[in-house]
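Colleague: I'll drop the sequence and a predicted model, then ask my questions.
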Amino acid sequence: MNVELILKFLKDLARHNNRDWFEAHKDRYLQAKQGFEEVVEKILAELVKFDSRLDGLEPRKLPFRIYRDVRFSKDKRPYKVNMGAGFSPNGRLVQEPGYYLHLEPGNKSFVAGGMYQPDSTRLAAIRQEIDYNPGPLRKIFASRSFRKYFDDFDDWDRVKTAPKGYPKDHPDIDWLKNRSFTLSFALSDREVTDRRFVKTVAGICKAIKPVNDYLLEAIS
């Protein structure tokens, strides 16, 4: 499990993001891809210890493709400059709470979890749960194990005003404004290449687990 090799390949890819360079260095990509799959396998083995919903997942099916979909993008670079993997019961975070690993050189790696852009039905269900039953979520967010890594949900995907049906002075209005209910913890290159990296990721995800349970209960 050579994480340094993965980061070095991604760093070089960012400087030479074109098909000719990629094809000429395909062997390096395949080595990095295999290394990342090994990382994912080791992390999954740790996550299953506290989240049995992930038991039975195939590690090699969890990473996302490195190829970018450029059909509707002004940015025509063909490759992502990161490697990512999603861990959730049905695979890679498709409309369900889970965990996400993002490796990117330049101290841009992170571990995340929660629920990314739920559809309108699930979004309404989560907001309703927060409105009717915020106590468990408040307790989670106040816990020492949670606050070791997080302060609150990420604020990158929120509506500007109160969602329809909720007053602007609602006590949990900041949560209700979310369109995604995600949590992120940044990791430096040094932390990513540390021998305890897998355990570090598992610890972060374990802190996310109660939030995932709350979200899952809301949409079930």
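Modeller: Looks like it came in fine.
Colleague: which residues in this protein form helices?
Modeller: Here the chain has its helices, by DSSP state H, at 3-15, 19-24, 26-47, 120-132, 135-142, 144-147, 173-176, 189-192, 197-219.
Colleague: and the last one, what does it pack onto?
Modeller: When you say that, I think you mean helix 197-219. helix 26-47, strand 98-103, strand 109-115, helix 120-132, helix 135-142, helix 144-147, strand 181-187 (3 or more Cβ pairs under 8 Å, 6 or more residues apart in numbering; DSSP states H and E). The C-beta positions use only the backbone N, C-alpha and C, and glycine is treated the same way.
Colleague: pLDDT on it, on average?
Modeller: For helix 197-219, the mean pLDDT works out to 98.
Colleague: relative to strand 98-103, how tilted is that helix?
Modeller: With axes from the mean of the first three to the mean of the last three Cα atoms, to 10 degrees as the basis, helix 197-219 and strand 98-103 are set at 150 degrees to each other.
Colleague: okay, buried residues for helix 197-219 please.
Modeller: 197-198, 200-212, 214-216, 218-219 (16 or more other Cβ atoms under 10 Å).
Colleague: ok, which of the helices of the chain comes nearest residue 66?
Modeller: Nearest of those to residue 66, taken as Cβ to Cβ: helix 26-47 at 7.4 Å.
Colleague: so what does that closest one touch, helix or strand wise?
Modeller: helix 3-15, strand 83-87, strand 98-103, helix 197-219.
Colleague: one more time with 10 Å, if that's ok
Modeller: Contact analysis of helix 26-47 by 3 or more Cβ pairs under 10 Å, 6 or more residues apart in numbering; DSSP states H and E lists helix 3-15, helix 19-24, strand 83-87, strand 98-103, helix 197-219 as its packing neighbours.
Colleague: convert the last one to PDB, retaining C-alpha atoms only.
Modeller: Spelled out, that is helix 197-219. These are the backbone C-alpha positions of helix 197-219, laid out as PDB (Å, rounded to 0.1, in the frame of the first residue of the first chain):
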ATOM      1  CA  PHE A 197      -3.600   6.500   7.800                       C
ATOM      2  CA  VAL A 198      -6.200   3.700   7.600                       C
ATOM      3  CA  LYS A 199      -6.900   3.900  11.300                       C
ATOM      4  CA  THR A 200      -7.200   7.700  11.000                       C
ATOM      5  CA  VAL A 201      -9.800   7.400   8.300                       C
ATOM      6  CA  ALA A 202     -11.700   4.800  10.200                       C
ATOM      7  CA  GLY A 203     -11.700   7.000  13.300                       C
ATOM      8  CA  ILE A 204     -13.200   9.900  11.300                       C
ATOM      9  CA  CYS A 205     -15.800   7.700   9.800                       C
ATOM     10  CA  LYS A 206     -16.800   6.300  13.200                       C
ATOM     11  CA  ALA A 207     -17.500   9.800  14.300                       C
ATOM     12  CA  ILE A 208     -19.800  10.200  11.200                       C
ATOM     13  CA  LYS A 209     -21.700   7.000  11.800                       C
ATOM     14  CA  PRO A 210     -24.300   8.400  14.300                       C
ATOM     15  CA  VAL A 211     -25.100  11.200  11.800                       C
ATOM     16  CA  ASN A 212     -25.500   8.600   9.000                       C
ATOM     17  CA  ASP A 213     -27.900   6.600  11.300                       C
ATOM     18  CA  TYR A 214     -30.000   9.700  11.900                       C
ATOM     19  CA  LEU A 215     -30.200  10.500   8.200                       C
ATOM     20  CA  LEU A 216     -31.000   6.900   7.300                       C
ATOM     21  CA  GLU A 217     -33.800   6.800   9.900                       C
ATOM     22  CA  ALA A 218     -35.200  10.000   8.300                       C
ATOM     23  CA  ILE A 219     -35.400   8.700   4.800                       C
END
